[in-house]
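Visitor: Next one to model:
(one chain, ligands or ions: 2)
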Amino acid sequence: MTTSSVAEKWVDEAAALTQPARVIWCDGSKGEYDGLVETMLRDGTLLPLNPRTNPNSYLHRSHPQDVARTEQLTFICTGEREDAGPTNNWMAPADAKARAGEYLRGGMWGRTMYVIPYLMGPAGSTMSRVGIMVTDSAYVVASMHLMTRVGPVALQHMRSDDDFVAGLHSLGDLSPDRRLILQFPEERLIWSVGSGYGGNALLGKKCHALRIASAQARQEGWLAEHMLIIGVEDPDGRVTYLAAAMPSASGKTNLAMAVSTLPGWRVWTVGDDIAWMHVDAAGQLRAINPERGFFGVAPNTSPKTNPNGTAMVRSDTIFTNVALTPSGEPWWEGLTPQPPAELQDWQGRPWQPGQGPAAHPNSRFTVLAQQCPSISPNWEDPLGVPISGLIFGSRRSQVIPLVFEAFDWTHGVFLGSAMSTETTAAITGKVGVVRRDPMAMLPFCGYNMGDYFGHWLATGARVARPPRIFRVNWFRRDADGGFLWPGYGDNVRVLKWMVERIRGAGRAEETPVGYVPASGALDLGGLDLPAPRLREALRCDAREWGLALDDLEEFYRQFGSRLPPQIDEKLAETRRRFGI
Ligand code: OXD
Ligand code: MN
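Guide: Numbers count the residues shown, from 1 in each chain. Ligands and ions are numbered 1, 2, ... in the order given. Just a heads-up that it's a prediction; the model follows:
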């Protein structure tokens, strides 16, 4: 494997700091993966699952205090605090390195340091980017094999000797008191210590493909977004590609793999979490999925909610923090209506119903994308797929209608910037609290969010035919707390309306916040949804929106002059339309 002198020098420096017993450069081969699995089975990092029901699949139990992304320990380290902006934790680069350096110094003593060259994006794509990470966790290496393209293919895509994002990861002692997830966008550098959990430790994902890449994308004129990518095929075989931003654990993977309840319609999966989007020479927005696999939330994944997701994890999957049946099968809440008898919970303790969840609410599966039955034939197209529509979705019990369409690109950027959501188990902290989450990027934007909104506006100006922008909320509830909309495969009904809108058909009614489907415009064939329930799901209430806009205005205020004036104008315009 040829490596650049810059990469070798950086790896030497990482080794000098962390003092590993040995350094191994990973080649991404099957033999390497199998060897890692063998080592982990021997030392108990992985437990084998039933080879008959779940071939080549394993269970990993993470440290009980290391089960979700820890946003409070995640920092953007820029020279100027203002460049990280008010929504990010900030540390000066030198201070960050001094603090984390204490935990890292000699931290790999006696351990193996694996060097992982990885490619984010399909081979042969000019949109793909390279990372080189070091880690002392075999679980991280095996997971990176599934989530990225590891080995010589990565190094072949470097455009110059220093064209890579460097990532230093060490488990440290797994204590949250000595855990830091540090991004240095100005150096294209990541330091992560004290966690072996997914988003904190698989550096290609959130740290690189979103936090560092978003800052790089701004400089280079593209977008790195927390978005799934799908192709929606109509009964005539025409495919329309959409990308959708949704907060963690809010149905993104389910939507990416949805099985349509509408005859003749189908959804093709291109990606379930991250989209890198470029404007091509013809002014068309095109997207690639930088990842190679899925790191999905297990609970509530079932043959009903996500048949493709359930099928794809039947073999060759690493599960983390799920429960275990006596016959060695993985189990999580929602997989079957009743839990099997004699389960072990996610920490390996005997479990009885009524003791709280058996699987951790943020338990996960890690699996290659190619195992998904709905994977798009174009998912690795080096040119990406052409994007005709963008969706911003969040989890809100109240206020936000099921679906509405922005008046134009600027209004759509405003709607994305105005997003808030109820928190989930994907992050440490309280579940179900409403918080601002613009474009589902709150924890992932590597620079000042005000500048980020500006970058979105500028990108729109470069697109010849800007994609339509939609806002969705599958989670609105009635007065008794029940969901107004059935969701899952029935969400394709909403996607169908979007496709029709994109094609210039699809009837809509104007409201102060955008266009909602006109009466009869949503295809409800075969669905027993009383008209008053649909009206309630689409309702747009001036009093509720007034309060929401007050809150939004306060959120915007903290950006000062970094907030583009067009965003403020759209807020004022919304008030005028409501007459409030
Ligand atoms: C994820 C997340 O793991 O958003 O995708 O937390
Ligand atoms: Mn995510």
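
Visitor: quick check: mean pLDDT across the longest helix seen in the chain?
Guide: Identified as the longest helix of the chain according to DSSP state H is helix 542-557. Averaging pLDDT along helix 542-557 yields 95.

Visitor: Show me which residues of the stretch 401-550 of the chain are close to ligand 1?
Guide: Ala426 (C-beta under 6 Å from any ligand atom). For the C-beta atoms, the positions are set from N, CA and C on the backbone; glycine is no exception.

Visitor: What are the boundaries of the helices in the stretch 401-550 of the chain?
Guide: 409-417, 449-462, 491-502, 531-538, 542-557 (DSSP state H, counting those that start in this stretch).

Visitor: Ligand 2: which of those is closest?
Guide: helix 409-417 (15.9 Å; C-beta to the ion).

Visitor: Counting by contacts, list what the longest helix of the chain packs against.
Guide: The helices and strands touching helix 542-557, judged by 3 or more C-beta pairs under 8 Å, 6 or more residues apart in numbering; DSSP states H and E, are helix 565-578.

Visitor: Quickly note the distance from the closest residue to ligand 1 within the chain to Ala426.
Guide: Residue of the chain nearest ligand 1, by C-beta to the nearest ligand atom: Ser248 (3.1 Å). Counting by C-beta to C-beta, to the nearest Å, the separation of Ser248 from Ala426 is 3 Å.

Visitor: neighbour count winner among the two?
Guide: Applying other C-beta atoms under 10 Å to Ser248 and Ala426 shows that Ser248 carries more neighbours, namely 23 against 20.

Visitor: helices or strands next to the lowest-mean-pLDDT helix or strand in the chain in the packing?
Guide: Averaged element by element with mean pLDDT, DSSP states H and E, the chain has its least confident helix or strand at strand 434-436 (a mean of 92). Strand 434-436 is packed against strand 420-422, with contacts defined by 3+ C-beta pairs under 8 Å, 6+ apart.

Visitor: can you list contacts of the strand it packs on?
Guide: 247, 250, 394-397, 431-437, 440, 475, 548, 551 (C-beta atoms under 8 Å, 6 or more residues apart in numbering).

Visitor: Can you pull the residues of the stretch 101-250 of the chain lying near ligand 1?
Guide: So the stretch 101-250 of the chain meets ligand 1 at Gly198, Gly199, Ser248 (C-beta under 6 Å from any ligand atom).

Visitor: ok, now which ones touch the first one?
Guide: Gly198 is in contact with Arg69, Ser143, Lys205, Phe295, Thr320, Arg364, Thr366, counting by C-beta under 8 Å, 6+ apart.

Visitor: For the last one, which non-adjacent residue is closest in space?
Guide: Here the nearest residue to Thr366 in space, its sequence neighbours aside, is Ile318; by C-beta to C-beta, 6 or more residues apart in numbering that works out to 4.5 Å.

Visitor: how about the one you found, phi and psi?
Guide: phi -100, psi 120 (degrees, to the nearest 10).

Visitor: isn't it right up against Val141?
Guide: No: in this structure Ile318 lies outside contact range of Val141 using C-beta atoms under 8 Å: 11.5 Å.

Visitor: any idea how far the residue of the stretch 101-250 of the chain found nearest ligand 2 is from Leu182?
Guide: At 4.7 Å from ligand 2, Ser248 is the closest residue in the stretch 101-250 of the chain, using C-beta to the ion. Per C-beta to C-beta, Ser248 is found 20 Å from Leu182.

Visitor: which one of the helices of the stretch 401-550 of the chain has the most crowded surroundings?
Guide: helix 409-417 (a mean of 24; mean count of other C-beta atoms under 10 Å).

Visitor: List the neighbours of it that are in contact with it.
Guide: Contacts for helix 409-417 (C-beta under 8 Å, 6+ apart): 245, 390, 392, 406, 438-439, 449, 453, 456-457, 460, 463, 466, 468-471, 513-514, 566-567, 570-571, 574.

Visitor: Alpha carbons of the longest helix of the chain, as PDB, please.
Guide: Provided in PDB are the C-alpha atoms of helix 542-557 (Å, rounded to 0.1, in the frame of the first residue of the first chain):
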ATOM      1  CA  ALA A 542     -52.200  31.000  13.800                       C
ATOM      2  CA  ARG A 543     -52.000  31.000  17.700                       C
ATOM      3  CA  GLU A 544     -49.700  28.000  17.800                       C
ATOM      4  CA  TRP A 545     -47.500  29.400  15.000                       C
ATOM      5  CA  GLY A 546     -47.400  32.700  16.700                       C
ATOM      6  CA  LEU A 547     -45.800  31.100  19.800                       C
ATOM      7  CA  ALA A 548     -43.500  29.100  17.600                       C
ATOM      8  CA  LEU A 549     -42.300  32.100  15.700                       C
ATOM      9  CA  ASP A 550     -41.600  34.000  19.000                       C
ATOM     10  CA  ASP A 551     -39.400  31.200  20.000                       C
ATOM     11  CA  LEU A 552     -37.700  31.100  16.600                       C
ATOM     12  CA  GLU A 553     -37.100  34.800  16.700                       C
ATOM     13  CA  GLU A 554     -35.300  34.400  20.000                       C
ATOM     14  CA  PHE A 555     -33.200  31.500  18.500                       C
ATOM     15  CA  TYR A 556     -32.200  33.600  15.500                       C
ATOM     16  CA  ARG A 557     -31.200  36.600  17.700                       C
END
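
Visitor: now the angle between helix 409-417 and that helix, please.
Guide: Counting by axes from the mean of the first three to the mean of the last three C-alpha atoms, to 10 degrees, helix 542-557 lies at 90 degrees to helix 409-417.

Visitor: wait, Gly124 sits on Gly384?
Guide: No: judged on C-beta under 8 Å, Gly124 makes no contact with Gly384 at a distance of 11.5 Å.

Visitor: These two - which one has more neighbours?
Guide: Gly384 (28 against 13).

Visitor: for the nearest residue to that one once chain neighbours are set aside, phi and psi?
Guide: Among residues not flanking Gly384 along the chain, Arg286 sits closest, at 3.8 Å (C-beta to C-beta, 6+ apart). Main-chain dihedrals, Arg286, degrees, to the nearest 10: phi -130, psi 140.

Visitor: Against Asp280, how distant is Arg286?
Guide: For Arg286 relative to Asp280 (C-beta to C-beta), the value is 5 Å.

Visitor: shared neighbours, these two?
Guide: Leu383.

Visitor: between the two, who's got more neighbours?
Guide: Between Arg286 and Asp280, counted using other C-beta under 10 Å, Arg286 has the larger neighbour count: 20 against 14.

Visitor: hang on, the more buried one packs against Ile387?
Guide: Yes: between Arg286 and Ile387 there is a contact at 6.6 Å, judged by C-beta under 8 Å.
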